[in-house]
Every structure is written in C-alpha cells, then in structure tokens.
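Q: dropping a prediction and its sequence here:
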Amino acid sequence: MERTLSIVKPDGVSRGLIGEVVKRLEDNDLRIVALKMIHMTRPQAEGFYAVHRQRPFFASLTDFMSSGPCVVMVLEGEGAIARYRGLMGATNFKDAAPGTIRADFATDIEKNVVHGSDAPETAAFEIGYFFNRFEIVA
Ligand code: UDP
Ligand code: MG
C-alpha cells in the first residue's frame, strides 16, 4: 500500500474542477484518506516547491500556487504514486495522453489543474508538509 499527495491547484478550484478530480480518483480506486482546502502564502508555496527553486518558472509557479485556494489530499492504494501520475497526464498538457486530467482540463504548462508526488521520498515530504498523523484516517 502506497500513499501520494494530490493537489487541485488554484486554477482547478476556481474553475469548479474539484468534483471532477475527486470523481476520477474514486473511480480509479485511489482512496482519499485526508482532504482539506488551504490557501498558501508565497513562502509556503516556495517551501513546497523548494526542489524547483533554481528553475526559471519558480517565481511564477509559487505566485500561481499562492494565488487562491487549493484542495490537498492524501491518496492511498497499490501503486498509488504511479497510478495517480497516470491519471494526471504529462506536466505539459500538450503532451498529456487523451483522457488524462491535464489533457482534458489544463490550459497552460503552469496552470495544469493538479499536482501529484513523483516518488516515495517526495510523497513522504509532501504529505508531511500539509498533514499531521491525526489528519490522515487509518
Ligand atoms: N511548470 C511550469 N513550467 C515548466 C515546468 C513546470 O510552469 O516548464 C510548473 C507546472 O505547474 C508543474 C510544476 O511547475 O506542474 C512542477 O513541475 P514538475 O516538473 O514537478 O511537474 P509535475 O510533477 O507537476 O508534472
Ligand atoms: Mg513534480
């Protein structure tokens, strides 16, 4: 059993896509074991994306991620990290496979609706960034 962090980004929340994302998770056997809505400050977004701080898109990305509320979730299931990445589609929606969340809804390489952890180590960091043990159901 594996856990991963999912975020419906500010573009997804403002466009009314929370339910669409949750539906796809539930339909694909990714169990939601924690969920909340947050509005990150710029420093909080910078801490979350610290791994990307040298990248040219870092300032714009952290500005976007702190521009409005996000829904953050912990998902659980067999191979949850890779299976959820598969549902999301490629980072650039133009490269995302048909039927993925990003192919269906993203409008921009930055405003791509969802985030998902990419490895067990990043999942552990990202889950711990937003949730303590009492906020994740057994
Ligand atoms: N991003 C961007 N420009 C790029 C690459 C990434 O604006 O050239 C943004 C995009 O929102 C992406 C996030 O930065 O989701 C994190 O990038 P990463 O490479 O980790 O992609 P992801 O894991 O989200 O697919
Ligand atoms: Mg990533």
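A: Received, thanks. Ligands and ions are numbered 1, 2, ... in the order given.

Q: show me what the helix or strand harbouring Ile127 is packed up against.
A: Take DSSP states H and E as the rule and Ile127 turns out to sit in helix 120-130. Packed against helix 120-130 by the contact rule (3 or more CB pairs under 8 Å, 6 or more residues apart in numbering; DSSP states H and E) you find strand 2-8, strand 31-38, helix 42-48. In this view, the C-beta of every residue, glycine as well, is placed from N, C-alpha and C.

Q: ok, which of the ones you listed comes nearest ligand 1?
A: Ligand 1 lies closest to strand 2-8 among the helices and strands packed on helix 120-130, at 9.1 Å (CB to the nearest ligand atom).

Q: ok, the closest one: who's next to it in the sheet?
A: Strand 2-8 has the following strand partners under DSSP bridges: strand 70-77 (antiparallel), strand 114-116 (antiparallel).

Q: list the buried residues in stretch 121-138.
A: Neighbour counts over stretch 121-138 (16 or more other CB atoms under 10 Å) mark 123, 126-127, 130-131 as buried.

Q: thinking again about what came up before, next, the angle strand 2-8 makes with the helix holding Ile127.
A: 60 degrees (axes from the mean of the first three to the mean of the last three CA atoms, to 10 degrees).

Q: and helix 120-130, does that touch ligand 1?
A: No: applying CB under 6 Å from any ligand atom, one finds helix 120-130 separated from ligand 1 by no less than 8.9 Å.

Q: next one: that helix to chain centre, how far?
A: With CA atoms, centre = their mean, to the nearest Å as the basis, helix 120-130 stands 12 Å off its chain's centre.

Q: need the contact partners of it.
A: 2-5, 34, 36, 38, 47-48, 51, 72, 74, 81, 117, 136 (CB atoms under 8 Å, 6 or more residues apart in numbering).

Q: averaged over its residues, what pLDDT does stretch 69-77 have?
A: Mean pLDDT, stretch 69-77: 98.

Q: I meant stretch 40-53, not that one.
A: 98.

Q: understood, closing this out.
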